[in-house]
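Peer 1: requesting a structural model of the entry that follows:
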Amino acid sequence: MPEFQPFVSPSEKPAEFTLRAIVLGCIFGLIFGAVTVYVGLRAGLTVAASIPIAVLSISILRVLGRASILENNIVQTTGNAGQSIASGVIFTLPALVFLGFDLEYSRIFMLALIGGWLGVLFMIPLRRQLIVQEHGVLPYPEGTACADVLIAGEKGGGLASRVFLGLGLGGLYTFLQNQFLLRAWPASPEYQPDFGPQHILKGSSINADATSEYLGVGYIIGSRVSGIIFAGGVLSWLVIMPLIYFFGKALPGPVYPGQLPIEQMGPFDLWATYIKPMGAGAVAAAGVITLIKTIPTIWNALTAGLKTMRPGAAAAQAKPIRTEDDLSMSVVLIGSLLIVVCMFIFLEFRPVPGAFVGWAANLAASLLVVVFGFLFVTVSSRIVGLVGSSASPVSGMTIATLMATAAVFLLQGWTAPAFGALAITIGGVVCIAASNSGDTSQDLKTGYIVGSTPRLQQLALIVGVVVSTLVIGFTLNLMNVGLQEFHAASQPWDINATHSGVSIQSDAKGLPNEIPVIGPDGKTTTTHQKSEYLVLNAIGSTELQDGKYLYDPSTHRIEVHWIQGIGSANAPAPQARLMATVINGILSRKLPWGLVLIGVSLVIAVELLGIRSLPFAVGAYLPIGTTLPIFCGGLVRWFVDAASKRAGEKSENEDISPGSLFASGLIAAGGIAGLIGVGLKAVEATYYNNRDLLNLPHTFLDNNYVSVLAFALLAYSLYHFARKPLKK
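Peer 2: Take a look at the predicted model:
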C-alpha cells in the first residue's frame, strides 16, 4: 500500500497560524459553545461544529483574500473546541442543580478548563499512533469529511461542486425535515409493534432520526461498522425491551430503577430506565477491553515521546518534517503535573460545601482525574475513529467514571449529597476531557489529510479551550435563571418527620426576594417574599417529584414548586439528570447493578464471538433512532461498492471520492441547518415567549410514510452521486 501523501506537501509552508485565523476561530468557538449549551440542555444532543465552521471559514477568508487551506483548518480547529467543551459540560455539571447545588461560574470555568486541557494534552502522544499509523483502520468520519470540505473549497472544480451539491440537497432536505424549522413531515418516523392478543413485540419501537448528517456518517464509516452498531440497537430495542415488557407487564408496581409500572411504560421509558444502565455497563466493559488491547499502542506512543526528552535526544534526532512536528512530551508531562496541582488547589480551597475530605483525599481525587482522563481520552479517540463524534457515547464513559468514584465514596462512608456533587466534579472533568479528545482527534485527522502542522493545531486547540470556556458557564446560568418558574403546589408536609430523598437546603441562593407564583390555573400570578419559605430539595424521593420546593412554616405546607430553568420542560438536560440519578443511586445503595452487569456479560459474549464489542456496545446504548439511519448510510455504501465491483471499478476506499464528498456535504448541511434551527428557537424563547415563528399549517405531508419516502429519496441521491464520476 503506497504511503499516504497529504494535500499540502510537508515541504510547502503556506500561511497557517495567523492572527486572523485565531481570532475568527475564537469567535466561532464562543458562538458554537453557547449554541451547543442551548441545544444540549434542551434535547440532550449536540451538533458537530467542525464542518459548519470550515464551510463558513472558507467563505469569510475568501472574501478577506489570500486564504490558505491550512488557515481554514486552524479556524475550524480553534472554533470546534467550543462545541466539544460545551458538550462535556452540559452532560455532567448541570447535575449539580439536581443535587441541590448552585452553578458557580468560577467552578464551571475551572473544571471546563482543566478537562479541556486534559483532552488536548493526552492526544499529543497518541496522535502518531491513532491518526497516522492507523490511518486506514480508524476512518474518523467527521474529520475525513471536514478535510474533504476544505480540499473541495481549495481546489474548486468537480470536488467543490460535489460537496456543495450534497450541501445544497442536504440543506433543502434538512430545512423541510428539521423539527425546529419547517418540519413539513415528521422528523422521526416511528412504528411501535403490537401484534395480536398476546401483544407480541409490544415495548419495542422502530424509529429513525431521519437526518442528512446520520446518513452521511453511516456512508463514511461503511457497511461493516454501521451494521455492527445497528445490531446492538436491534438487540436492545427489538429483543430486550419487548422481553422486559413481556415479563414485567403483570407486576402491579414499578421495578427499580423505574418509577412507573412496566405496563404503563412506553418504549422510550423502557430505554431510558433499563437499557441505559445496561448500555452503560456494556460501553464501560468494551472500553476496558479496548484499552487492554491498545496497551501496546499506548506504550509505544509514550516511550516514543519519552525518548525525545532524554538529554541529547534532540541533537541526536533529525528535526521532524513539518507535518510530523508535535508538541514535545515534556509539554504533556509538565502540563499534566500542572493540572494535578490546579485541581488539588481548587478542591482544597474551593471545596464543595459540606464535602470536606482533607488534603490527602483531594490529592487522590486530583490524581484520579488524570488517570481516568487518560483512560477515557484513549478510548474516546478510538470510538470516534470508528463511529464518529456524533455517535460517541461520552455519557456512558462518564457514567463508568461516576460509578467508580461513587463506589469509593460509598466504601469511605461519604454518602451525603455534598459528596455526590464532589463525584460530579470529578466525573465532569473526565467527561469534558473525553468529549474534547474525541473532537481533537477529528481535528487532527483533518489536519493529517490536508497537511497541517500538528504543533500549530495543538496550540490552536489550547487557545480555543481557554476562550470557549468563558461563555459556557455564563450561558448555563443564564438559562437556569431565565427559564425558572414558580408554580403553586400546596400540600401538607411534616417538616419534622423523616422523608427519604428530601433535604432542607440551608442556602437559598438564586431564589429572588420577590417570587412570582403561577396559580393552579396556569395564568394568574401572585407575588410572595423569599423570607416566607424554607427550600426543600428532593431527589430519588417516593413522595415528591425531583426538584426544589418552598415550604411555608406558618401553614406547615409545601406551597410552591420551584422549577429551575435547568430541569424544566424548556431545558430538561436529560443526560445530566441521568448522572445525578446514577450518583444518588450508588450513594443511597440503589443502583441497578444487575442491569449494569448484564451489559458487561453481553460484551464478553460478543467478544467471544469474534465481533468487535465496542461498536456493538455503542449501538446497544444509543437510541435506535440514531443507529438505524447510520445503518442506512452504511447500506448505501455497500450498494455503491457492490456496483463498483460488478463494473470492475475500484471500491471506495480513498480519502476523496464522489460518495465521500457528497456525504460530507450532507453532514455539513445537517450541521448548519440544525444550528440555524437552534438559533431560531433561541430567538423564539428569548423575544417571543416561545411562540412558534414558523407555525405552518398541517398538510398531507405530515405523515410518517412521507418522512420515510423523503429519506429514501435522499439515500438514493447519495447512491446516484457516489456512482457518478467527478469532473476532471
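Peer 1: okay, now the unreliable bits of the stretch 1-150 of the chain?
Peer 2: 1-2, 39, 42-48 (pLDDT under 70).
Peer 1: just the helices in it please.
Peer 2: Ranges of helices within the stretch 1-150 of the chain are 19-43, 50-64, 69-90, 95-98, 105-127, 141-155, based on DSSP state H, counting those that start in this stretch.
Peer 1: which elements pack onto the fourth one?
Peer 2: Under the contact criterion of 3 or more Cβ pairs under 8 Å, 6 or more residues apart in numbering; DSSP states H and E, the helices and strands touching helix 95-98 comprise helix 417-450, helix 574-587. Backbone N, C-alpha and C define where each C-beta goes, glycine included.
Peer 1: return the most buried member of these.
Peer 2: helix 417-450 (a mean of 30; mean count of other Cβ atoms under 10 Å).
Peer 1: which parts of the following helix or strand past that one are buried?
Peer 2: Going down the chain from helix 417-450, the next helix or strand is helix 454-482, by DSSP states H and E. Going by neighbour count (16 or more other Cβ atoms under 10 Å), the buried part of helix 454-482 is 454-473, 475-480.
Peer 1: swap in stretch 198-211?
Peer 2: Buried-residue list, stretch 198-211, by 16+ other Cβ under 10 Å: Leu201, Lys202, Gly203, Ser204, Ser205, Ile206, Asn207, Ala208, Asp209, Ala210, Thr211.
Peer 1: thinking the second one is in contact with Asp194, fair?
Peer 2: Yes: with contact defined as Cβ atoms under 8 Å, Lys202 and Asp194 form a contacting pair (4.4 Å).
Peer 1: now for this structure, the helix or strand with the poorest mean pLDDT.
Peer 2: helix 313-316 (a mean of 47; mean pLDDT, DSSP states H and E).
Peer 1: show me the contact partners of whatever helix or strand comes next after it.
Peer 2: Where DSSP H and E defines the elements, the next helix or strand beyond helix 313-316 is helix 329-349. With Cβ atoms under 8 Å, 6 or more residues apart in numbering as the contact definition, helix 329-349 has outside contacts at 110, 114, 117-118, 121-122, 124-125, 305-306, 308-309, 359, 362-363, 365-367, 369-370, 422, 425, 429.
Peer 1: need the contact list for the spatially most central residue of the chain.
Peer 2: The residue lying closest to the centre of the chain (Cα atoms, centre = their mean) is Ser87, at 5.1 Å. Residues in contact with Ser87, defined by Cβ under 8 Å, 6+ apart, are Thr36, Gly40, Thr46, Val394, Ser435.
Peer 1: nearest residue to the last one other than its sequence neighbours?
Peer 2: The shortest distance from Ser435 to any residue other than its chain neighbours is 3.5 Å, reached at Gly88 (Cβ to Cβ, 6 or more residues apart in numbering).
Peer 1: got the CA positions of stretch 434-452 in CSV?
Peer 2: Written as CSV, here are the backbone C-alpha positions of stretch 434-452 (Å, rounded to 0.1, in the frame of the first residue of the first chain):
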residue,chain,number,x,y,z
ALA,A,434,-13.2,12.6,26.7
SER,A,435,-15.6,14.9,24.8
ASN,A,436,-12.8,17.3,23.8
SER,A,437,-10.3,14.5,22.9
GLY,A,438,-12.9,13.0,20.5
ASP,A,439,-13.2,16.2,18.6
THR,A,440,-9.5,16.9,18.9
SER,A,441,-8.9,13.5,17.2
GLN,A,442,-11.2,14.5,14.4
ASP,A,443,-9.4,17.9,14.0
LEU,A,444,-6.0,16.2,14.0
LYS,A,445,-7.3,13.7,11.4
THR,A,446,-8.4,16.6,9.2
GLY,A,447,-5.0,18.2,9.7
TYR,A,448,-3.3,15.0,8.8
ILE,A,449,-5.2,14.7,5.5
VAL,A,450,-4.8,18.3,4.4
GLY,A,451,-1.2,18.6,5.6
SER,A,452,-1.3,20.8,8.6
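Peer 1: now it: average pLDDT?
Peer 2: For stretch 434-452, mean pLDDT rounds to 92.
Peer 1: and if you look at stretch 530-539?
Peer 2: Mean predicted confidence for stretch 530-539 is 84.
Peer 1: so how far does that stretch reach from one end to the other?
Peer 2: 22 Å (Cα to Cα, to the nearest Å).
Peer 1: offset the numbering so it begins at 200, please.
Peer 2: All set: I'll call the first residue 200, so the last point we hit is now stretch 729-738.
Peer 1: buried stuff in it?
Peer 2: Of the residues in stretch 729-738, those buried (16+ other Cβ under 10 Å) are Tyr732, Val734, Leu735, Asn736, Ala737, Ile738.
Peer 1: that one: how far from the chain's middle?
Peer 2: On the basis of Cα atoms, centre = their mean, to the nearest Å, stretch 729-738 sits 33 Å off its chain's mean C-alpha point.
Peer 1: what's in contact with it?
Peer 2: 297-299, 616, 692, 694, 700-704, 707, 710-714, 743-753, 757-759, 761, 779-780, 783.
Peer 1: where does Leu879 land on pLDDT?
Peer 2: The model's pLDDT for Leu879 equals 77.
Peer 1: meant to ask about Gln657, not that
Peer 2: 95.
Peer 1: who are the packing partners of the helix or strand where Val362 lies?
Peer 2: Here Val362, judged by DSSP H and E, is contained in helix 356-376. Contacts defined by 3+ Cβ pairs under 8 Å, 6+ apart place helix 356-376 against helix 340-354, helix 411-434, helix 857-886, helix 903-922.
Peer 1: point out the most buried one among the ones you listed.
Peer 2: helix 340-354 (a mean of 27).
Peer 1: what angle sits between it and helix 356-376?
Peer 2: With axes from the mean of the first three to the mean of the last three Cα atoms, to 10 degrees as the basis, helix 340-354 and helix 356-376 are set at 130 degrees to each other.
Peer 1: give me the helices and strands touching helix 340-354, please.
Peer 2: So helix 340-354, by 3+ Cβ pairs under 8 Å, 6+ apart, packs with helix 249-263, helix 268-289, helix 356-376, helix 411-434, helix 616-649, helix 857-886.
Peer 1: mind listing what the next helix or strand after the third one pairs with, with the direction of each?
Peer 2: Of the helices and strands lying after helix 356-376 in sequence (DSSP H and E), the nearest is strand 389-390. Strands that pair with strand 389-390, judged by DSSP bridges, come out as strand 405-406 (antiparallel).
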